[in-house]
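Q: next come a sequence and a model predicted from it.
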Amino acid sequence: MFSDPETVVPYFELTDGNIVADFGAGSGHYSIVMSKCVGNNGRIYAIDIQKDLLTRLEVEAKQAGARNIHIVWGDMEKSGGTKLADNSVDFVLLANALFQSTARYSIVLEAKRILRSEGKVAVIDWSDSFNNLGPIAEHLAKPEEVKQIFTQAGFTLEKDFPAGAHHYGLLFRQANKVQ
């Protein structure tokens, strides 16, 4: 892992009771760290399309005593694919997820659908391919492109944050939703 969740998660400013969706949770390193921030009153929805990773995450979460992590087998690229209700979460994390998809705008719209008014989304992704250490150059989700997609979807950039030597971090806030 090239970005350290223990170092990065404090930039999210999560608080006790927050409801979080970890899109593309993978092995769950971020989910486990975030579960401590939201406490027993909060909840982490660890969402991934790869069942084997979710099975491993479920075991690791139990070993870590993270009882507030809920495993969701879902597809964040489709509207409703996360299986979460509209306006049901405070925060969405997209860590190393956008570079893997060509449906980036659809992912942002799914995050918007489930976010409560004024909800936030953090994006952590590869800043370069680093001679094929990271994804191939054509697959990178460059920060400028990510900012454009989020702006188009009705978000504002709140801040950039350091996410590791090979990654960038962006925090977006959603404008008030019309109910």
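A: That came through, no problem. Remember, predicted model here, so these are calculated numbers, not experimental data.
Q: partners of the longest strand seen in the chain, with directions?
A: When the chain is parsed with DSSP state E, its longest strand is strand 115-126. Within its sheet, strand 115-126 is paired with strand 89-95 (parallel), strand 167-174 (antiparallel), according to DSSP bridges.
Q: which one of these lies nearest to Ser27?
A: strand 89-95 (10.6 Å; C-beta to C-beta). Bear in mind the C-beta positions are built from the backbone N, C-alpha and C, glycine included.
Q: what is the subsequent helix or strand relative to the one helix or strand Leu53 maps to?
A: Assigned by DSSP states H and E, Leu53 belongs to helix 51-63. As assigned by DSSP H and E, the chain's next helix or strand after helix 51-63 is strand 69-73.
Q: for that next one, buried residues please.
A: By neighbour count with 16 or more other C-beta atoms under 10 Å, strand 69-73 contains the buried residues 69, 71-72.
Q: check stretch 111-124 too.
A: Under 16+ other C-beta under 10 Å, the buried positions of stretch 111-124 are 111-115, 119-124.
Q: list the buried residues for the very next helix or strand once past the longest strand of the chain?
A: Using DSSP H and E, the helix or strand that directly follows strand 115-126 along the chain is helix 143-152. Buried positions in helix 143-152, judged by neighbour count with 16+ other C-beta under 10 Å: 143, 146-147, 149-150.
Q: dump those into a markdown table; add pLDDT and distance to Ala64 as well.
A: Converted to a markdown table, those look like this (pLDDT from 0 to 100; distance: C-beta to C-beta, whole Å):
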| residue | pLDDT | distance to Ala64 |
| --- | --- | --- |
| Pro143 | 93 | 31 |
| Val146 | 94 | 30 |
| Lys147 | 97 | 34 |
| Ile149 | 95 | 33 |
| Phe150 | 96 | 31 |
